[in-house]
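[1] give me coordinates for this.
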Amino acid sequence: MFLAKRKMNIKGAMRAKRLTQKKLAKRLKLSESYITRLLNGTRYNRQFEEYIAYDLGIDYKRLM
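    The predicted structure follows:
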């Protein structure tokens, strides 16, 4: 449940900023497939978590 809400919120924030997975991958210097795994919650990357917290404004407390 948490991962589904997390993914929906991240995707919504990305849409609002017109940021595609491809652009995000390039910005973070990661592959697109790795971004997909990060969004699905099957992988963890601190840089990605910091990016969504600060640049996309995603608050994990809001997702609980």
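[2] please make it C-alpha for all contacts and neighbour counts, starting now.
    OK.
[3] give the next helix or strand downstream of whichever helix in the chain runs longest.
    When the chain is scanned for its longest helix (criterion: DSSP state H), the result is helix 2-16. On the C-terminal side of helix 2-16, the nearest following helix or strand under DSSP states H and E is helix 21-28.
[4] point out where the chain drops to low pLDDT.
    Filtered on pLDDT under 70, the chain yields the residue ranges 60-64.
[5] cutoff 90 now
    Screening the chain residue by residue with the criterion pLDDT under 90, one finds the ranges 1-6, 9, 41, 46-64.
[6] distance of Asp59 from Ile52?
    Distance, Asp59 to Ile52, by Cα to Cα, to the nearest Å: 9 Å.
[7] between those two, tell me which one has more neighbours.
    Ile52 (18 against 13; other Cα atoms under 10 Å).
[8] the more buried one: what's it in contact with?
    Applying Cα atoms under 8 Å, 6 or more residues apart in numbering, we find Ile52 in contact with Ile10, Ile58.
[9] tell me the buried residues in the helix or strand where it lies?
    Here Ile52 is covered by helix 46-54, with elements defined by DSSP H and E. Applying a neighbour-count criterion of 16 or more other Cα atoms under 10 Å, one finds Phe48, Ile52 buried in helix 46-54.
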